[in-house]
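Participant: give me a 3D structure for the following:
(2 chains)
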Protein chains: 2
Amino acid sequence: MHGAGDVRVEHVPDPKIDRAGDAVVRVLRSCVCGSDLWPYGAMAASEHGRRMGHEFLGVVEDTGADVSGFKPGDVVVAPFIWADNTCDFCRAGLQPSCRHGGQWGLNGVDGGQGEAVRVPFADGTLVKLPVGEDSALLPSLLTLSDVFCTGHHGVVTGGVKPGLSVTVIGDGAVGLSAVLAARRLGAEQIILLGRHTDRTDLGREFGATDVVAERGEEGVTKVRELTGGDGTHTVVECVGTDQSMRTALRVVRDGGAVSRLGVPQYSEIPFGMDTIMRNITVTGGVAPARAYIEELLPDILEGKVEPGRVFDRTIGLDDVPDGYRAMADREAIKVLVQP
Amino acid sequence: MHGAGDVRVEHVPDPKIDRAGDAVVRVLRSCVCGSDLWPYGAMAASEHGRRMGHEFLGVVEDTGADVSGFKPGDVVVAPFIWADNTCDFCRAGLQPSCRHGGQWGLNGVDGGQGEAVRVPFADGTLVKLPVGEDSALLPSLLTLSDVFCTGHHGVVTGGVKPGLSVTVIGDGAVGLSAVLAARRLGAEQIILLGRHTDRTDLGREFGATDVVAERGEEGVTKVRELTGGDGTHTVVECVGTDQSMRTALRVVRDGGAVSRLGVPQYSEIPFGMDTIMRNITVTGGVAPARAYIEELLPDILEGKVEPGRVFDRTIGLDDVPDGYRAMADREAIKVLVQP
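Facilitator: Okay, the predicted model is just below:
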């Protein structure tokens, strides 16, 4: 990406092992993330640009001398943050705060929207997938890289439990994934706030019991009506605007939690006396996808959940610029890239 | 209280049973709360004033026809919110949100800083204490009404566990109680931020492993130094100012929680991208004291904790105005009232 609206497909040197813990992975599938749309909308022009893509799965092609868990030919998925998975933060399940980890596409590490990636700390970062290169499950398995784990993070940190209620704000891929994750954990009432019917229809199939198209004050009123006036135990906020955050704080039930998954476009939240009296918690954040993959993988392999249904368009590498455009224009929920 | 700085001791009608669920309790001990100091500092002048005091223990003198759990002569403690203790919020341990509860001193209910109180929903509100009227434990038992339960709420919602670290911001009675509660739950490192040495000395006796007198930027640096640069797993914020909340968010470790106990003097908190990347949770609120009393009571009866040490002055009813002044002037940590 060279600036707002300026995505180019360019040739770069082939990745190769740089450190003994590296692996080189040939990308089978990657995708465009809703968070990629923020720089797509606002990034300052840059001469050298930056590598994009932080969600991918692929085949191990080469490994460094210290890599013991993988060998060429293994099909693997990479979480959207690479990490050693051995430091104290990682052991506590907080890989985004890994003492030695980092982001794809920065500091000499490749992005996932490409043909191949050098993976630092391969033993810590990657998870082996027991499928072949042509598995029909690849789209759903790719969501373990970010979006399904992110939705899961929202409902886990928000305290979703069997029988409880949850509001999901936002009908993008993260919101839809949060609906699916909430259903998976047994939420009884799942209210999805969104106004794109193609998306909210998928949300209903994923488990939403109610859909609210209204926003702001009207949306708050509607959620309150649907919950006997009380709001829901959990709110998963998947948009990140000031308005969506204010809505979240008003539709959460006393003693409940707002979990934040959206990239915040605000710097402050209204969080004074009212929220103290009501014992409101605000939680969430950047998901430790790596910590959740082993737990979520079996349900995908067994076909219990199909998070890959958020992909409603598949493109090749040459069409990635148009993939960004399609997502920015809300033509596509989430674009799958098949190099 | 008739306005800022204007506390008067006046005669009011004796409380009597109004509803079948009421009890009348003769007050043995009550006290002044740090939260009482906010109206003491800023309340608009009022002709009729308002009854004060929300922390008391005493002896049941009379009960309504529906009261089954108490009889005259029982020594009881009242949490700082009265509640039916049967509604869905109460059953979930969130009595401050009770569907039928309320605050002492409002809407025809007496305040605790007086000779006697009519207690609504006596069966739900009161907890029997297995001690006599002259027990030496009364000061510590009185803290079950608010301050010790409030400190406990901060450490519980903030996720304090054996071996973890906690910063407590504020050396008032709530902060000191939070230190004691954190120690009780096994916190390994307890950093107390406060600059009144008489208070922080008591904090050390309650279990603080480190005391930081610096505020703002210097305080943040000091806590970071004491924690290998990482901050603590939990921060219990017991002050409520914008500055203390900003400090809290900067000394909490990635993945950690800031629990708010202070009465917020701010309406917003800085809670943007940095806190998302670091997975910071903000939690806490008005403590459900009623939900904690049974758990905390045995440790007081057995002498394992002495939360009543926060009381460093005892006065009679006539001296209550001076008790407010002494607390506002930081002459006393917390004033015990013995009618």
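Participant: how about the helices of chain A, start to end?
Facilitator: A:37-42, A:88-91, A:122-125, A:138-142, A:147-157, A:173-184, A:197-206, A:216-226, A:242-251, A:273-277, A:289-301, A:320-328 (DSSP state H).
Participant: how about A:D110, phi and psi?
Facilitator: Dihedral angles of A:D110 (phi, psi; degrees, to the nearest 10) stand at phi -70, psi 160.
Participant: ok, back up a step: of the helices of chain A, which is nearest chain B?
Facilitator: Among the helices of chain A, helix A:273-277 comes nearest to chain B, with 4.8 Å by C-beta to the nearest C-beta. Quick note: C-beta positions are derived from backbone N, CA and C, even for glycine.
Participant: and that closest one with chain B, contact?
Facilitator: Yes. Remark: helix A:273-277 sits within contact range of chain B at A:M273, A:T275, A:I276, A:M277, by C-beta under 8 Å from any C-beta of the partner chain.
Participant: how about JSON lines for the residues you listed, with distance to A:E47 added?
Facilitator: Below are the residues of helix A:273-277 next to chain B laid out as JSON lines (distance: C-beta to C-beta, whole Å):
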{"residue": "A:M273", "distance to A:E47": "50"}
{"residue": "A:T275", "distance to A:E47": "45"}
{"residue": "A:I276", "distance to A:E47": "49"}
{"residue": "A:M277", "distance to A:E47": "53"}
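Participant: can you say which of those residues are buried?
Facilitator: For the residues of helix A:273-277 next to chain B, a burial check counting by 16 or more other C-beta atoms under 10 Å in any protein chain shown picks out A:T275, A:I276.
Participant: quick check: bridge partners of A:D6?
Facilitator: Beta-bridge partners recorded for A:D6 (DSSP bridges): A:G3.
Participant: next: A:I190.
Facilitator: Going by DSSP bridges, A:I190 forms beta bridges with A:V166.
Participant: how close does it sit to chain B?
Facilitator: According to C-beta to the nearest C-beta, to the nearest Å, A:I190 and chain B sit 20 Å apart.
Participant: A:V76 contacts A:E133, doesn't it?
Facilitator: No. Look at A:V76 against A:E133 with C-beta atoms under 8 Å: they stay out of range, at 11.3 Å.
Participant: overlap in contacts of these two?
Facilitator: When C-beta atoms under 8 Å, 6 or more residues apart in numbering or on different chains defines a contact, the residues bordering A:V76 and A:E133 alike are A:V59.
Participant: looking at those two, which one has more neighbours?
Facilitator: A:V76 (22 against 12; other C-beta atoms under 10 Å in any protein chain shown).
Participant: that one: what's it in contact with?
Facilitator: A:A23, A:V25, A:L57, A:G58, A:V59, A:V60, A:F70, A:L126, A:V127, A:K128, A:L129.
Participant: from these, which is closest to chain B?
Facilitator: Distance to chain B across the contacts of A:V76 (C-beta to the nearest C-beta) is lowest for A:V127, with 20.5 Å.
Participant: quick one: the residue nearest to the closest one when sequence neighbours are not counted from A:V236, how far?
Facilitator: The shortest distance from A:V127 to any non-neighbouring residue, by C-beta to C-beta, 6 or more residues apart in numbering or on different chains, is to A:I293 (4.7 Å). From A:I293 across to A:V236, the span is 20 Å (C-beta to C-beta, to the nearest Å).
Participant: higher neighbour count, the two?
Facilitator: Taking neighbours as other C-beta under 10 Å, A:I293 and A:V236 compare with A:V236 leading, 35 against 22.
Participant: next up, the contacts around that one.
Facilitator: A:151, A:154-155, A:158, A:166-169, A:175, A:178, A:182, A:258-259, A:261, A:284.
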